[in-house]
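[1] below is the sequence, then the predicted model.
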Amino acid sequence: MPQSQRGVKWIRFQGKRPRPIRTTLDLAVQAAAEEALRGVSKPAALVALDVRSGALRAVASRPYEEFNRALGGLYPPGSAFKIVTTAALLEQGLAREEPASCPEEVVIGGKPFRNAEGTPLGSLSFRAAFAHSCNTAFVQLAAKLDERALTDAAKAFGFGVRYELPLPVAGGRFPAPSDLAERAAAAIGQGRVEASPLHMATVAAAVAGGMWRPPQLLARKKPTPGRALDRAVAKTLRELMRLVVLEGTGQAAEVPGIRVAGKTGTAEFGDKNPPSTHAWFVGFWNEVAFAVLVEGGGTGGAVAAPVAARFIRALVR
C-alpha cells in the first residue's frame, strides 16, 4: 500500500519467486560470432539464426555498449535487399538466364543511378547481374514490375512485421514507394528502406529454409509460424546466392570445402560526396543463417564478406 515519508511516496507490492528461463542462444555459435568480429575497428554486428525455426543462435555487437546494433539498429540494407527484389522479379516470370543490361548509369523516374563502384558490365545475364550486384540492371528491371510487386515481396520477407521478443529490437521497414524513382531506389535497398542486422538474418534464413519466420529467443517446443516462399523462387535464390560467393562480389566469404551462399550489400548513407557506405553480407551455411554489418565500413565484398568467412571457419572448428 502507498506510504508517505517526508514528501516521498513509497509503494509496496508482493514480489514473485523468480523462474528460470531457457534461451535459444548457442554457446559455440556465439563464440564463433565473437571471434569473427575480433579486430574489426568500426562499429559492427553479427546475428545468426537457425534456418528451420528462426531461433536466435548468436548476437554480437561492437563496441560493447548499451545500444545493441545487432538487434536494435536500423540501416539501409543496400544490395543485400536485392534478394527480395529478385523474389519479386522471379514471381513475375523472370528467368535467371534472361538478358540484362549493366551500363555505368541509368536514369529512372528522373533520378540517376550508378553502380556501387562505378564499373559498367555491359550486356549480361540476370544471374550475372545478381552475382556481380549490378545496380543499373536491377533498377531497370524493377521499373517494369507491377506497382505493388516489390511491396508484396517485402511483406513476404517480414518487412513491416513487429517482433515479439522480450527485449528492444527492430525489424525491417519498407514504406510503399511513392513514385518510379523511389521504387527503383527501394529495389537496391536504398531510399526509405531500413532493416536491422537481425531482420536481414531472417531474410537469409527464409531463402535457405524456404519460409520466412520471425526470430525467437526463448526456447519453445515448436518453431514460430512462418510464411512459405514459392518453392521454385526459393530454389533459384539459393543458387544465385551461391554464385555470389563462387564468382561474384562475395568471393571473400568462400571457405574451401564449405558451401557458403550469400549476398553482399554496400549501402549509401549521409550527405557526403561521394556518400559513406555501410558494408553488409547476409548468407547461410548448413542450418545457420546470418547477417554481418560493419557501419561505415565501405563495400560489402571487401569488408563484410571476410567477417562472414571468419565466422564460418570458427563454426567449422
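    Sure thing, it's come through. Keep in mind that this is a model prediction, so the values were computed, not measured.
[2] low-scoring pLDDT stretches of the stretch 151-300 of the chain, where are they?
    For the stretch 151-300 of the chain, the stretches flagged by pLDDT under 70 are 221.
[3] swap the cut-off to 80 and go again
    220-225 (pLDDT under 80).
[4] where exactly do the helices run in it?
    Here the stretch 151-300 of the chain has its helices, by DSSP state H, counting those that start in this stretch, at 180-187, 197-209, 231-247.
[5] those helices into CSV, with extra columns for distance to residue 158?
    In short, each C-beta sits where N, CA and C put it, glycine included. Listed next are these as CSV, based on distance: least, C-beta to C-beta, whole Å:
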stretch, distance to residue 158
helix 180-187, 16
helix 197-209, 6
helix 231-247, 14
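[6] the strands in the stretch 1-150 of the chain, which residues?
    3-5, 8-10, 44-50, 56-62, 99-102, 105-108, 111-114, 122-125 (DSSP state E, counting those that start in this stretch).
[7] buried sites along the last one?
    Along strand 122-125, the positions that meet the burial threshold by neighbour count (16 or more other C-beta atoms under 10 Å) are residue 124.
[8] which strands and helices sit next to it?
    Judged by 3 or more C-beta pairs under 8 Å, 6 or more residues apart in numbering; DSSP states H and E, strand 122-125 is in contact with strand 99-102.
[9] tell me the strands beside the strand it packs on, with direction?
    Sheet neighbours of strand 99-102, with direction, are listed as strand 122-125 (antiparallel) (DSSP bridges).
[10] kindly export the strand it pairs with (C-alpha atoms) in CSV.
    Once non-C-alpha atoms are left out, strand 122-125 reads as follows in CSV (Å, rounded to 0.1, in the frame of the first residue of the first chain):
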residue,chain,number,x,y,z
GLY,A,122,27.6,-4.2,-70.4
SER,A,123,25.3,-6.9,-71.6
LEU,A,124,25.0,-9.9,-69.3
SER,A,125,22.5,-12.5,-68.0
